[in-house]
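Engineer: Curious how this folds, go ahead:
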Amino acid sequence: MRNRLAFIAGLAIGFVLGARAGRERYEQLQKLARRAAEHPAVRNTADAVQAHATEYAKVARDKLMDRADMARSKVNGFRSSDANGHVYTDGDVDYDRPAGTPSEQQEP
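Structural biologist: Below you'll find the model as predicted:
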């Protein structure tokens, strides 16, 4: 059914763009398209598709955020010391300090 609707929509678009039937035929097709878009079944389907897309986008965002957090923790684990091997006492990486400069708080 979905493929058939896509095919019909493609035919309609192709006809509108490629036909030389004139303005009257174009307006007829435009009215038909408006009527189809306002049909309750089409609106319900569009609303359902939009709800599913929103749900899938939220799930994808959550998965990406989890993976980004894992990657961030790995990077912070590798950057827990400066270029001279001095370990940061607070565990935070100071990205503003140039590489190779000793930290102010060093472990003995």
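Engineer: Spit out the contact partners of Arg35.
Structural biologist: With C-beta atoms under 8 Å, 6 or more residues apart in numbering as the criterion, no residue contacts Arg35. All C-beta spots, glycine's among them, are computed from the backbone N, C-alpha and C.
Engineer: quick one: it and Ala48, what's the gap?
Structural biologist: 20 Å (C-beta to C-beta, to the nearest Å).
Engineer: what do you get for Ala12?
Structural biologist: To Ala48, Ala12 is 23 Å away according to C-beta to C-beta.
Engineer: more crowded one of these two?
Structural biologist: Each of Ala12 and Ala48 has its neighbours counted (other C-beta atoms under 10 Å); Ala12 has more, 14 against 10.
Engineer: name the element that one belongs to?
Structural biologist: Take DSSP states H and E as the rule and Ala12 turns out to sit in helix 2-18.
Engineer: helices and strands around that helix, which ones?
Structural biologist: helix 23-38 (3 or more C-beta pairs under 8 Å, 6 or more residues apart in numbering; DSSP states H and E).
Engineer: Beyond the helix it packs on, next helix or strand please.
Structural biologist: Sequence order places helix 40-78 as the next helix or strand after helix 23-38, per DSSP H and E.
Engineer: So which bits of that next one are buried?
Structural biologist: Within helix 40-78, no residue counts as buried by 16 or more other C-beta atoms under 10 Å.
Engineer: And stretch 25-35, by the same measure?
Structural biologist: Of all the residues in stretch 25-35, those buried under the rule 16+ other C-beta under 10 Å are Leu29.
Engineer: returning to what we had before: what is the orientation angle of the helix holding Ala12 with helix 23-38?
Structural biologist: Put simply, helix 2-18 runs at 150 degrees to helix 23-38, going by axes from the mean of the first three to the mean of the last three C-alpha atoms, to 10 degrees.
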